[in-house]
Structure formats: C-alpha cells, structure tokens
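[1] generate coordinates for the sequence data below:
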Amino acid sequence: MSESDRSFAFSPSARFLLVAAAFVVVVAGLKAAATLVTPFLLAVFIAVVVQPPMRFLRRRGLPGWAALLLVVVMIVGIGGAMVGLFTTSLNEFNASLPEYQARLKVMNGEAVRWLDHLGVHISRDVLTSMIDPAGILGLASDLIKGLGAALANAFLILLTVVFILMEANSLPSKLRVALRAPDASLRHLRQVLETINGYMFIKAITSLATGLLVWLWLRFLGVDFAAMWATLAFLLNFVPTIGSIIAAIPAVLLALVQLGLESAVLVAAGYLLVNVVIGSVIEPRVMGRGLGLSTLVVFVSLVFWGYVLGSAGMFLSVPLTMALKIALSSNPQTRPIAIMLGPEVEARHCADATRSEPGKGGCDSEPTRRHEPG
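    Prediction:
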C-alpha cells in the first residue's frame, strides 16, 4: 500500500463508527420518507407474492396481458372482500357497543363489591378502563388502520404492481447487461423471491386455517361478531410474535362481557390451542428449518420495521429481514452479519463448511430449507 493510500485508511473503530453513522442516516431517511417508501415496498411485496400464480397462468397458455388482468382482478377482489367484511363487522360492533358497556357496568359493580369483601379497594372507573373491549379493540384496529393508511393510495400501489409485473420478464436480461457478476446476482435474487414466496404461501395457508378455526370456535360458543374476530386473527397472524396475542384479547374480553367468565376462559383456551398447534407445531414442521432467522431477530425486526415504517412495517418485518439477510450473505464481508441474524443451526452449518473448506473463510450459502411439506 502506498503512503497516500495509508493516509486514507481507516482504523477498525473508525470504520465501525462510519458504518454506524451511515446506518443511522439511512434509517432516519427511511422513516422520514415512510409515506413514500411504504406504498412502494407494499407494491414490490404484492408483485413478488403474485408472481407464482401469474407464471402458472402463463404456462397454461394465457397471453401475458390476460394473466396480468386475472391477477389484478384477484388482488382487487380479495382485498375488497376482506376490507368490506371487516368494515361491516366493525360498524355493527360500534352500534352494539352501548349494550356491552351497560353489561360491563353491572359486572364491574359486582367485581368491586367482591373485591371490597376481600379487603381490596379499587375504583369502578379504573376497573372499567382495564377491561373495556372497545379500548382493547382499538389496539388491534390501529394496526389494521395503519396498514389501511399505507393502502390509502391503493390505485398508485396497484399501478406500481402492474408495472413491476410487466417488467418482470425483462429484468433478468437487463441485470445480465448491467451487473459485473450477473449469474451470482440473479441467483441471490431468485433465492430472495423463492424464500419470500415460500414463507408467504405457508403463512397465508396457516393464517387462513387460524382464522377458520377461530371462527368455528367462536360460533360454537356463541360469541358475537365471530367473522370480525376471525378476520382479525387471519390478518394479525402475519405479524410475528405479538399479532396472535393482540387478535385474541378483544374477543376474550367481549366473551367475558357477553357470556361470562367461563366462556371467556374457553375462548382464551381456544385461541391458545389454535396458535400453539398451528404456530408452534405445524408451521415449523412445514417450513423445515424455519425462517432462517433467530427468534430474537424476528422480534427485533418487528420492533425496528414497525418504528421505521409504521404498522405496515410490522406486517412486512419478516420478509424484509429475510431479504436483507440473503443480501448480506451474498457478500463475504457482510456474511458474518447474516450468520448472526440466523439461528444456531445455521451458524453450526457455516462453521462446518469453514472447517471442511478453510480457504473460503465462511459458508457461501444457507442450509437448505423446505418450504413444502415433505
């Protein structure tokens, strides 16, 4: 290295500070531009998800414009049906709210008298605020409204999706011309698309099963607005870690007000059983080794993307982090960061690969994960 090169060299601590400063600037920029970035990310995400059905239609002999038209109709139909169902149920719930609040006052009076008998003195107003179904529902509906706010520019998002799908076929040829190592870049791009599609396919099926089982259980117990709670369970199941908990709380509290303590316990037990069986048994078994992310990283990504992009970021947190991890693993200099984001089994795989091929200095690819039942 020449003397001039050494004068511009950074120490490890200086490089770390430089990278940290750049990270803060990028995060601040993303947060400041969230109103523009979020709709674009949603459009990219939707385009990635609908690529498999569009390819299926093309293989069936449909021309490109016809396949694109059918996919757009499918997007509009599914989105419109879910928004209509949830909005109608929410309006009916708001209309019935005075009745539930009247029942809640009676229950609170009984609870206050019982606590006074035990020597525990608590204000009725405090107790009401603690178990108000409308207030708890607000937490869940705020998540949906946050996603809805991002979807407020629905026409712009849909138009962006259409243009992305129109350009999808020509993208590989453009990348081959534009990039220095197109084969490696295309391989990593395919890995991102396949990983996100596999995750979303399984998550959509398990979320649909969650919503259906919740609806059947609530209908069996006679809880009002079972369709709304089932729709909420379906949507919030895409939010990792806390989504299922938030979806369960308003339904449990409504069952408490409407049907009593025993029914509320049964509703809570049903939610717990459904989420344990589907989320902790079926999903990991079908996904094979899982998301390729550690549990801590999944939770931190939920908080991080929620802070940067709002409620929509919470829905997109896992796909965005998975894509980021694959991008980091494609570069030898950033591969250690990707390994830190992954689970322990992946770190062991990379350590074994390093020992078997010490010249490489790390693993070049992630351990194979199944996205289909096997």
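
[2] surely M228 and F86 touch.
    Yes: in this structure M228 lies within contact range of F86 using Cβ atoms under 8 Å: 6.3 Å. (Each C-beta comes from the backbone N, C-alpha and C, glycine too.)

[3] quick one: which of the two has more around it?
    M228 (25 against 19; other Cβ atoms under 10 Å).

[4] report pLDDT for that one.
    Looking at M228, its pLDDT reads 85.

[5] which SSE is it in?
    helix 226-236 (DSSP states H and E).

[6] got it, and I326?
    Using DSSP H and E, I326 maps to helix 311-329.

[7] next one: that helix to chain centre, how far?
    Here the centre of helix 311-329 is set off from its chain's centre by 9 Å, with Cα atoms, centre = their mean, to the nearest Å.

[8] please apply the same query to stretch 246-253.
    Centre-to-centre, stretch 246-253 and its host chain are 19 Å apart (Cα atoms, centre = their mean).

[9] rewinding a little: list the helices and strands whichever helix or strand comes after the helix holding M228 packs on?
    Remark: after helix 226-236, the chain's next helix or strand is helix 243-259, criterion DSSP H and E. Judged by 3 or more Cβ pairs under 8 Å, 6 or more residues apart in numbering; DSSP states H and E, the packing partners of helix 243-259 are helix 64-117, helix 133-150, helix 182-221, helix 226-236, helix 261-275.

[10] of the ones you listed, which is nearest S170?
    Closest approach to S170 among those is made by helix 64-117 (11.4 Å; Cβ to Cβ).

[11] which elements pack onto the closest one?
    helix 34-59, helix 124-130, helix 133-150, helix 154-168, helix 226-236, helix 243-259.

[12] what angle sits between the last one and helix 261-275?
    Using axes from the mean of the first three to the mean of the last three Cα atoms, to 10 degrees, the direction of helix 243-259 lies 160 degrees away from that of helix 261-275.

[13] next up, the contacts around T38.
    T38 makes contact with 150, 309-310, 312-313, according to Cβ atoms under 8 Å, 6 or more residues apart in numbering.

[14] now the helices and strands packed on helix 243-259 in JSON lines, with distance to L57?
    Formatted as JSON lines, those follow (distance: least, Cβ to Cβ, whole Å):
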{"stretch": "helix 64-117", "distance to L57": "4"}
{"stretch": "helix 133-150", "distance to L57": "27"}
{"stretch": "helix 182-221", "distance to L57": "16"}
{"stretch": "helix 226-236", "distance to L57": "25"}
{"stretch": "helix 261-275", "distance to L57": "33"}
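
[15] indicate which one of those helices is closest to A323.
    helix 182-221 (4.9 Å).

[16] okay, now the unreliable bits of the protein?
    The chain contains residues with pLDDT under 70 at 1-10, 120-152, 181, 287-291, 344-374.

[17] now L18: how far from L90?
    Remark: distance between L18 and L90 (Cβ to Cβ, to the nearest Å) = 49 Å.

[18] tell me which of those two has more neighbours.
    Counting neighbours by other Cβ under 10 Å for L18 and for L90 shows that L90 has the greater number, 17 against 11.

[19] show me what contacts the spatially closest residue to that one that is not a sequence neighbour?
    Excluding the flanking residues, the one nearest L90 by Cβ to Cβ, 6 or more residues apart in numbering is M228, at 6.4 Å. Neighbouring residues of M228 by Cβ under 8 Å, 6+ apart: 85-86, 89-90, 93.
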